[in-house]
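Participant: my questions concern the predicted model and sequence given below.
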Amino acid sequence: MAAEEHTEEHTGTTTDTVAAEGVAEDVATLAGDDVPRYPIAPGYRVNVRRGPGTQYGIVRTLPYGMRVPVYCQKAGERVTGPYGTSNIWNNIANGQFVSDAYVRTGSDGYIAPRCD
């Protein structure tokens, strides 16, 4: 089982969450992004990593209630979270990965192409 991948600490406000989601949605719209978005498990702020494992550096932490695109998926470190145990990591932006164990995709398997 991997090190804990989420944080319970609440450092932002509801306004921060809405602003972060708005920025992500704006960037996606500008890029012509038609990729479906999936919700992060309720009550979790999930670490976004530079690669598919907890040994990779944290890029940012997603706010509560965030929905993320899944552009591709890659096998990596096995992590246990609210949606089970998985070695699948979701690429949500260039060089940014979150464990599939914290994203409600509706599947225990791959739902997007594999990352190169």
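Facilitator: Looks like it came in fine.
Participant: helix or strand with the lowest mean pLDDT in the chain?
Facilitator: helix 14-30 (a mean of 41; mean pLDDT, DSSP states H and E).
Participant: quick one: name whatever helix or strand follows that helix.
Facilitator: Where DSSP states H and E defines the elements, the next helix or strand beyond helix 14-30 is strand 37-39.
Participant: state the mean pLDDT of that next one.
Facilitator: Strand 37-39 comes out with an average pLDDT of 97.
Participant: before we move on, what about stretch 82-98?
Facilitator: Here stretch 82-98 scores 97 as its mean pLDDT.
Participant: so which bits of that stretch are buried?
Facilitator: Of all the residues in stretch 82-98, those buried under the rule 16 or more other C-beta atoms under 10 Å are 83, 86-93, 96-98. C-beta coordinates here come from the backbone N, C-alpha and C atoms, glycine included.
Participant: now do stretch 46-56
Facilitator: Buried-residue list, stretch 46-56, by 16+ other C-beta under 10 Å: 46-49, 51-54, 56.
Participant: chain neighbours aside, what residue packs nearest to G51?
Facilitator: F97 (6.0 Å; C-beta to C-beta, 6 or more residues apart in numbering).
Participant: OK, contacts around the one you found?
Facilitator: 48-52, 56, 74, 76, 89-91 (C-beta atoms under 8 Å, 6 or more residues apart in numbering).
Participant: tell me which of these is nearest to Y64?
Facilitator: Of all those, Y64 sits closest to V48, with 14.2 Å by C-beta to C-beta.
Participant: cool, thanks, signing off.
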